[in-house]
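Visitor: Requesting a structural model of the entry that follows:
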Amino acid sequence: MTVKTIQAPLPGTFYRSASPGEPVFKSVGDAVAVGDTIGLIEVMKSFTSVIAEEAGTLVAFHVENEDAVMAGQPLCDIDA
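Guide: Just a heads-up that it's a prediction; the model follows:
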């Protein structure tokens, strides 16, 4: 298996769930399919989904919920 890193597509604030109090999209150890939402990045009240392009198992997050991220910054790793 190969570890693939999902990077932030744009700068903003990373969220692991759709809204406060909602379950996270994915947790470490979860199975991930192509097209699954891993999180959201918010820029000026506009939300962009972070989508998995590889199937596998989510093995690590590099950022915390509500962290500011830059474009290209590693968000999480998937063991594909």
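Visitor: ok, Pro23 touching Thr37?
Guide: No. In this structure Pro23 lies outside contact range of Thr37 using CB atoms under 8 Å: 11.9 Å. All C-beta atoms are positioned from the backbone trio N, CA, C, and that covers glycine.
Visitor: between those two, who's got more neighbours?
Guide: Neighbours of Pro23 and Thr37, each counted by other CB atoms under 10 Å, are more numerous for Thr37; the result is 13 against 9.
Visitor: Distance-wise, check the closest residue to Gln73 other than its chain neighbours relative to Glu42.
Guide: In this structure, Gln73 finds its nearest non-sequential neighbour in Ala8, 4.7 Å apart by CB to CB, 6 or more residues apart in numbering. To Glu42, Ala8 is 12 Å away according to CB to CB, to the nearest Å.
Visitor: Repeat that for Ile78.
Guide: 22 Å.
Visitor: One more: Asn65?
Guide: To Glu42, Asn65 is 12 Å away according to CB to CB.
Visitor: Please verify my assumption that Ala52 contacts Ile6.
Guide: Yes. If you go by CB under 8 Å, Ala52 and Ile6 touch, sitting 6.6 Å apart.
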